[in-house]
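*Asks:* Structural data only, the sequence is not supplied:
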């Protein structure tokens, strides 16, 4: 899965990577979480012959896709990821797979190695050679009962490659820059025509760096959360304990 990621490139770098315009005021963010606004890019209007204008459109969407048929969002799960293996057939995603495929620019993502069913060691997972990546995304515009509309989105995931599998069994789908146009082409290409793009990243594409548990809290947004560090390695501090206190009661964060 992908429940946190970062986009720390400058607006100019992100705009050039996606071939979009209008990102001058888009800030760097180190700890992006579900329900927050995220940047996505979709195919725009076809370029006129000889035009130098970008043919992709940037969008800010709520991270957590809401299908159009949902009646009560309070009773609907938060769909911030979509399993790529069945997205084209699943009711929640099939319309977006056909009509609203998108790119999600990122500097990397975070994942946690599970320990006893709980979040254990967090990792900052980034391209080994640096730079940006684009995750495969889906967009759905949800009409609220009051009449207002909200653009929402999800990130597609796939079975993890060998670099990530020891941490988690899923990873985001990475779209190669050479395949941006294919993935975004919802006018002429059906989901089956781009199914080959829904695959794990190439071996050694990512590097996984252990980091401290600062990333666990959404309020921690500075670059310090990406610094190398491991949890559970510091010696336990001796503290006074009241008689009868239960030492097994601990806070997670």
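*Replies:* Yep, it's here. Computed from a predicted structure; not experimentally measured.
*Asks:* Walking through the protein, point out its strands one by one.
*Replies:* 4-7, 29-32, 37-43, 56-63, 81-83, 101-106, 108-115, 118-127, 133-143, 149-159, 170-172, 206-210 (DSSP state E).
*Asks:* Tell me which of those is the most buried.
*Replies:* Highest mean neighbour count of those: strand 101-106, a mean of 27 (counted as mean count of other CB atoms under 10 Å). Every residue, glycine included, has its C-beta placed from N, CA and C.
*Asks:* by how many degrees do it and strand 149-159 diverge?
*Replies:* Orientation of strand 101-106 against strand 149-159 (axes from the mean of the first three to the mean of the last three CA atoms, to 10 degrees) gives an angle of 80 degrees.
*Asks:* Distance-wise, check the closest residue to residue 202 other than its chain neighbours relative to residue 95.
*Replies:* Closest residue to residue 202 apart from its sequence neighbours, by CB to CB, 6 or more residues apart in numbering: residue 161 at 7.6 Å. Applying CB to CB, to the nearest Å, the value for residue 161 to residue 95 is 29 Å.
*Asks:* Kindly report the same for residue 119.
*Replies:* Residue 119 sits 33 Å away from residue 95, taking CB to CB as the criterion.
*Asks:* Between residue 161 and residue 95, which is the more surrounded one?
*Replies:* Between residue 161 and residue 95, residue 161 has the larger neighbour count (other CB atoms under 10 Å), namely 17 against 14.
*Asks:* Pretty sure that one sits against residue 203.
*Replies:* Yes. Between residue 161 and residue 203 there is a contact under CB atoms under 8 Å: 6.0 Å.
*Asks:* Kindly point out which residues are neighbours of both of the two.
*Replies:* Contact with both residue 161 and residue 203 is made by no residue, according to CB atoms under 8 Å, 6 or more residues apart in numbering.
*Asks:* got the strands of the chain as a markdown table, with mean pLDDT and distance to residue 89 columns?
*Replies:* As requested, the strands of the chain are exported to a markdown table (pLDDT from 0 to 100; distance: least, CB to CB, whole Å):
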| stretch | mean pLDDT | distance to residue 89 |
| --- | --- | --- |
| strand 4-7 | 98 | 26 |
| strand 29-32 | 97 | 29 |
| strand 37-43 | 97 | 22 |
| strand 56-63 | 96 | 23 |
| strand 81-83 | 98 | 11 |
| strand 101-106 | 98 | 15 |
| strand 108-115 | 92 | 26 |
| strand 118-127 | 92 | 29 |
| strand 133-143 | 97 | 14 |
| strand 149-159 | 97 | 14 |
| strand 170-172 | 98 | 19 |
| strand 206-210 | 97 | 29 |
